[in-house]
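make a model of this:
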Amino acid sequence: MELFSAQFLIFLAAAWCIYMVLGRVKPGIQWTALLAASLAFYAIAGGWQSLVYVIGAATVSWAAAVWLEKLEGQSKAARKAVSDRAEKKAIKARFTVRKRLVLIGALAICLGVLGYLKYWETILGYLMPDAGHLGLVLPLGISFFTFQVTGYVIDVYNGKEPAERNLAKHLLFTAYFPQLIQGPINKHRALAPQLTAPHAPDVHGMRRGLVRIALGLFKKFAVAVMLQKTVGDIFGHVDDSIPGALVVVGLLAYNAQLYGDFSGGIDMVEGVSELFGIEMGPNFRQPYFSVSLADFWTRWHISLGAWMRDYVFYPLALTKPFQELGKKAGARFGKHIGRTAGACIANVIVFLLVGLWHGAQAHYLVWGLYNGVIVALADLFKPLFDRMAERFHVNREGTPWHIVAIIRTFIVVTIGRYFDCMSRVGDALICLRNTVTNFMPVPWDEMLLASGFTKGLIPGRALLCIAVILMIDYLYEKGVDVRERFLALPVLVRFAVYLVLGFFVVSSLNHVSEVGGGFMYANF
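All right, here's what the predicted structure looks like:
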């Protein structure tokens, strides 16, 4: 059941009506309508077999969190019953071991199931190339809901939030249908209270949600769908003779396609959630206005970056071995290296895991390693860059430098896309080499026709739509609430804008049958 299908529109209308009617009659149990809708959506979109996985993940994480809270209560009671300081410490240590075992067990089950379903067949293919396919089917959104519930269990273990005692409410947090397709990965303390709180129809909030859905449809169809065939044609038959200029065209198209697909999908699910009066966590913040690769990763797939920061980076960087490494590096190479050495290694590990999150294929791991190394080197050499800027009198606060930094970051991100958009590392290396050694800057028509393409490889309307999206992002970057400004326009102006957006969306529908209309990140 695709988000843009008539089936989903009927489902959404029915779910919204039942939810709001129940909220008027029995506000205390209004959330049960949302739970029923979420389970029904998952059963229809992912199949009843997949439903077993989301219920299993919810049950394991719920039981683990309740158990952890119970152990913590027993620990406090036992310590309160004794007066000896050493005995209190021994009791705490004993219960900490038990809590750690519960945490490890829950993480092993949830992440173990994810790892088996997502990676085992790929690993087996590397180990035994002649082995047949196991036929493992990846449940819809398993990476997203697995990370979401494991993050919740870790937060309960660390005492950052109480355990949810109601299994049904926790199941709603796990299976809330707008987030299942491609995230975001929500924090329990931010989302769960909204899910179980009563909501009445909010006309203004619904209007904002509908505008966001419209923008998401525009990004998805007018850009991502229109460019999908272009990217597939260019990188679907890579050989040694592919012109570097054609590779660059393909990478630029892929950048736009990926952004239109992923951020468009997020706009749609965030907008759907807003119709119910529920705001999920942000996942994009004008990433192509970033001034560094590290800045880019605080703007692109924000919820995944936050998860990796909270549950991988900080725990790694603050461990004793990493702290000792920092001290030794500082003693030998200076204070700056000492402060950043551990964080740099942790960053490389984090980005390797980000690559692995996308898939076990080698090109994802290389892509993750590339990002991690660039971020780490930028931290390590920051004093050198600062001295160079001072030496050449570069005004880093000025607009010219800001523009240079944005362009530089876009180039760095695009180089990483060589390993992201191609399924073989060898193909990526060929394209990278030819970009440098065989660029072939001949007239576009001649180059495209010689490469087997027809004229109009990238439709002009797609370029126009990309410009519109960049303008919207620019306004957001300047602090303008575009949706509020749009809703304040006269009715006729808004109607005209909707007509234009609708034209671009409808005119791209004939491409859906050719390339498909699914979301790229639904595969993760």
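
the stretch 251-400 of the chain: helices as residue ranges?
Secondary structure of the stretch 251-400 of the chain by DSSP state H, counting those that start in this stretch: the helices cover 293-296, 302-308, 314-317, 320-333, 335-358, 362-380, 382-391, 399-420.

Gly426 is nearest to which of the ones you listed?
helix 362-380 (9.3 Å; CB to CB). C-beta coordinates here come from the backbone N, C-alpha and C atoms, glycine included.

give me the buried positions along the closest one.
Of all the residues in helix 362-380, those buried under the rule 16 or more other CB atoms under 10 Å are 362-372, 374-376, 378-380.

residues in contact with Tyr103?
Slight slip there: residue 103 is Leu, not Tyr. Contact partners of Leu103, counting by CB atoms under 8 Å, 6 or more residues apart in numbering, are 64, 68, 153-154, 157.

so is it in a helix, a strand, or just coil?
Three-state call for Leu103 (DSSP: H, G, I helix; E, B strand; the rest coil): helix.

that older thread, got JSON lines for the helices of the stretch 251-400 of the chain, with mean pLDDT too?
JSON lines is the format used below for these (pLDDT from 0 to 100):
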{"stretch": "helix 293-296", "mean pLDDT": "96"}
{"stretch": "helix 302-308", "mean pLDDT": "96"}
{"stretch": "helix 314-317", "mean pLDDT": "92"}
{"stretch": "helix 320-333", "mean pLDDT": "88"}
{"stretch": "helix 335-358", "mean pLDDT": "92"}
{"stretch": "helix 362-380", "mean pLDDT": "95"}
{"stretch": "helix 382-391", "mean pLDDT": "90"}
{"stretch": "helix 399-420", "mean pLDDT": "95"}
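
quickly compare those helices and say which is most buried.
helix 302-308 (a mean of 21; mean count of other CB atoms under 10 Å).

for it, packing partners?
helix 142-157, helix 335-358 (3 or more CB pairs under 8 Å, 6 or more residues apart in numbering; DSSP states H and E).

am I right that Leu246 sits in a helix?
Yes. Assessed with three-state DSSP, Leu246 lies in a helix.

wait, it sits on His237?
No. Applying CB atoms under 8 Å, one finds Leu246 not in contact with His237, separated by 11.2 Å.

of those two, which one has the most company?
Set side by side, Leu246 and His237 show more neighbours around Leu246, with 24 against 11, by other CB atoms under 10 Å.

if I look at that one, how far off is Gln257?
Distance, Leu246 to Gln257, by CB to CB, to the nearest Å: 16 Å.

what about the helices in the stretch 101-250 of the chain?
Under DSSP H, counting those that start in this stretch, the stretch 101-250 of the chain gives helices at 142-157, 167-175, 177-180, 188-196, 203-217, 226-235, 244-275.

now, of the ones you listed, which is deepest in the fold?
In terms of average neighbour count - mean count of other CB under 10 Å - the standout among these is helix 177-180, at a mean of 26.

average pLDDT across it?
Helix 177-180 shows a mean pLDDT of 90.

for that helix, give me every contacting residue.
Under the criterion CB under 8 Å, 6+ apart, residues 37-38, 41-42, 45-46, 54, 140-141, 144-145, 148, 185-186, 269-270, 272-273, 280 lie in contact with helix 177-180.

with just CA atoms, put that helix into CSV.
Included here for helix 177-180 are C-alpha records, laid out as CSV according to Å, rounded to 0.1, in the frame of the first residue of the first chain:
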residue,chain,number,x,y,z
PHE,A,177,2.1,3.6,10.9
PRO,A,178,3.4,6.9,9.5
GLN,A,179,6.9,6.0,10.7
LEU,A,180,7.0,2.4,9.5
